[in-house]
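J.: model the structure of this input:
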Amino acid sequence: AQACCSSHLALAEPRSARARRDLSELAPMAAGQAQISKKRKFVADGVFYAELNEFLMRTLSEDGYAGVEVRVTPIRTEIIIRATRTREVLGEKGRRIRELTAVVQKRYGFPENSVELFAERVENRASCAMAQCESLRYKLLGGLAARRACYGVIRFIMENGAKGVEVIISGKLRAQRAKAMKFKDGYLISTGEPKKHYIAEAVRHVCMRQGMLGIKV
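T.: As a prediction, this is how the structure comes out:
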């Protein structure tokens, strides 16, 4: 009767509580083996990349930040920051990059000297969507008219050898009523597999006096 009662208790126990108990039982095993499941590893790597990208985007927005690449080697983790103005990223005598390295090391608990940051210069900044999006953002913050700012960015991109470009800007443009404006030039693939390989996209938000504007290049 006692065994029967315990089986009923097990069935009545909520699924989440059972899952927690299973995880707590598995934790010592995982710690002993110091291994992580493939699924969890990919999720953890994705979260790390997303958080790092967001942090660098906010910190280096004025220095033409254009993406980050994480390379994991057996000896150390290399983080390569792509930017249009690498001198500003490095700072005076490499001071700023050392500060960023220290922040990343502390935040993610890397052992001493196991993570290193490098700055890589973007050769053609016109073909980098992120850099152009930031450029447009600062033009709008500086008080330039939306239409003029967008056409300026489009002309610069097309003059530097791009096949096509599209800029979308949406929000409260001059009036209280929000609207979206599209500016296009050249030839642009917008669907299918080629879009993944040949088109670079970037989205930014601009906090204007009337409200938020969204920019997509």
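J.: when you work out contacts or count neighbours from here on, use the C-alpha atoms and nothing else.
T.: Noted.
J.: is it true that residue 120 lies in a strand?
T.: Yes - if the criterion is DSSP: H, G, I helix; E, B strand; the rest coil, then residue 120 is within a strand.
J.: hey, which helix is longest across this structure?
T.: The single longest helix within the chain, with elements called by DSSP state H, is helix 38-59.
J.: what's downstream of that one, the next helix or strand?
T.: Going down the chain from helix 38-59, the next helix or strand is strand 65-72, by DSSP states H and E.
J.: list the buried ones in that following strand?
T.: Within strand 65-72, the residues that qualify as buried are 65, 66, 67, 68, counting by 16 or more other C-alpha atoms under 10 Å.
J.: could you measure from the closest residue to the third one other than its chain neighbours over to residue 123?
T.: This points to residue 67. Spatially, and ignoring its direct neighbours in sequence, residue 67 is nearest to residue 82 (5.4 Å; C-alpha to C-alpha, 6 or more residues apart in numbering). As judged by C-alpha to C-alpha, to the nearest Å, residue 82 and residue 123 stand 10 Å apart.
J.: give me the more crowded residue out of these two.
T.: residue 82 (20 against 11; other C-alpha atoms under 10 Å).
J.: in its sheet, what does the helix or strand hosting the more buried one sit against?
T.: When elements are defined using DSSP H and E, residue 82 is found to belong to strand 77-83. Paired with strand 77-83 in the same sheet, following DSSP bridges, are strand 65-72 (antiparallel), strand 115-121 (parallel).
J.: got the CA coordinates for it in CSV?
T.: Extracted as CSV, the C-alpha positions of strand 77-83 are listed here (Å, rounded to 0.1, in the frame of the first residue of the first chain):
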residue,chain,number,x,y,z
THR,A,77,39.3,33.0,-27.1
GLU,A,78,39.9,35.7,-29.7
ILE,A,79,37.3,38.4,-30.2
ILE,A,80,37.8,40.4,-33.4
ILE,A,81,36.0,43.7,-33.5
ARG,A,82,35.4,45.1,-37.0
ALA,A,83,35.2,48.9,-37.2
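J.: got a pLDDT number for the residue nearest to residue 67?
T.: Residue-level confidence at residue 82 comes out at 88, pLDDT.
J.: same question for residue 2.
T.: pLDDT for residue 2: 49.
J.: pull the number of nearby residues for the closest residue to residue 61 other than its chain neighbours.
T.: Once flanking residues are discounted, residue 61 sits nearest to residue 134: 6.8 Å by C-alpha to C-alpha, 6+ apart. Using other C-alpha under 10 Å, residue 134 has 25 neighbouring residues.
J.: ok, residue 134 to residue 73 distance?
T.: Remark: distance between residue 134 and residue 73 (C-alpha to C-alpha) = 32 Å.
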